[in-house]
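**Student:** Test case, fold it:
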Amino acid sequence: MKRLFATFLLAVAVAPPAGAAGTGYCPPFLPGPPHVEFEANIPVQPAFDHRLSRAEIESRTSHGMGQGWRAGGLTTVAYETLVAVRVQTLGLPDGSRCVQVTGANGRLDVRDLTVHVAREHRPGTCPFAAIREHEMEHAAIARQTFLHHLPALRARLEEEARGLPPIRTAQPDEAVQAAVDRLLAALAPTLKIMETEMTLAHAGIDTPESYQALGRRCAIW
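**Tutor:** Prediction:
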């Protein structure tokens, strides 16, 4: 699972207040807290892929299925988290600038949610239907977990953005990058919890008992 970010810099010239030229001094100069939004791109239905062979699926499967079992399906999931910030800048007499975040936009972008069924299982057969149904459960787990954690991600982004102080710097772009890095770091623990819950939920339907029940569904595999 990958995480990327994007930034947006909006520079606005503001006249410095009296006494603002002291070394390291960077006064708050905005009337209120930053505006924060968090959105998501989560597919309603997974994509479907019937091109991989059993051997290719097995090479991508990280868990064992038990003696006598071969993987016939796989669900792949990948997402990115992105953070963009808007800022205003305040010019100071010494040529440096104060940079203040005025807004932050977070995004959870699910780039891959795909159900794979091995090409050896032909559409219309019992094994094809059974494997696809099982993998659709995995896709539903992923989607539900993403949706469940969106409020927590938004709340964490808002909390951290509201605590960002103005930064005095000669390089406004560096201040913007520092703000983005801090916001992404703040999201990391919540994302870790999300990933852990998703892993445990997937493991809950990938058990010897579930595979035995799956095997009993079809007379011929």
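**Student:** looking at this, L90 is in a strand?
**Tutor:** Yes: applying DSSP: H, G, I helix; E, B strand; the rest coil, one finds L90 inside a strand.
**Student:** and the residue nearest to it when sequence neighbours are not counted, bridged to which residues?
**Tutor:** Once flanking residues are discounted, L90 sits nearest to C98: 4.0 Å by Cβ to Cβ, 6 or more residues apart in numbering. In this view, the C-beta of every residue, glycine as well, is placed from N, C-alpha and C. Residues in a beta bridge with C98, per DSSP bridges, are L90, R168.
**Student:** C98 contacts A170, doesn't it?
**Tutor:** No: look at C98 against A170 with Cβ atoms under 8 Å: they stay out of range, at 11.2 Å.
**Student:** Settle it for me: which of the two has more neighbours?
**Tutor:** Neighbours per residue (other Cβ atoms under 10 Å) separate C98 from A170, with C98 holding more: 25 against 11.
**Student:** ok, the residue nearest to L90 to F29 distance?
**Tutor:** 7 Å (Cβ to Cβ, to the nearest Å).
**Student:** same check, this time on P166
**Tutor:** Per Cβ to Cβ, P166 is found 7 Å from F29.
**Student:** quick one: common contacting residues for these two?
**Tutor:** L90, C98, Q100 (Cβ atoms under 8 Å, 6 or more residues apart in numbering).
**Student:** The first one against P166, yeah?
**Tutor:** In other words, L90. Yes: between L90 and P166 there is a contact at 7.4 Å, judged by Cβ under 8 Å.
**Student:** hey, what's in contact with both of the two?
**Tutor:** With Cβ under 8 Å, 6+ apart as the test, L90 and P166 both reach C26, P27, F29, C98, V99, Q100.
**Student:** which residues touch A130?
**Tutor:** By Cβ under 8 Å, 6+ apart, A130 lies in contact with L214, R217, C218.
**Student:** Spatially, and excluding backbone neighbours, which residue is closest to it.
**Tutor:** Per Cβ to Cβ, 6+ apart, closest to A130 is R217, 4.7 Å.
**Student:** quick one: buried residues of the strand or helix carrying A185?
**Tutor:** Using DSSP states H and E, A185 sits within helix 172-205. Buried residues in helix 172-205, counting neighbours by 16 or more other Cβ atoms under 10 Å, are found at 172, 175-176, 179-180, 182-184, 186-187, 190-191, 194, 198, 201-202.
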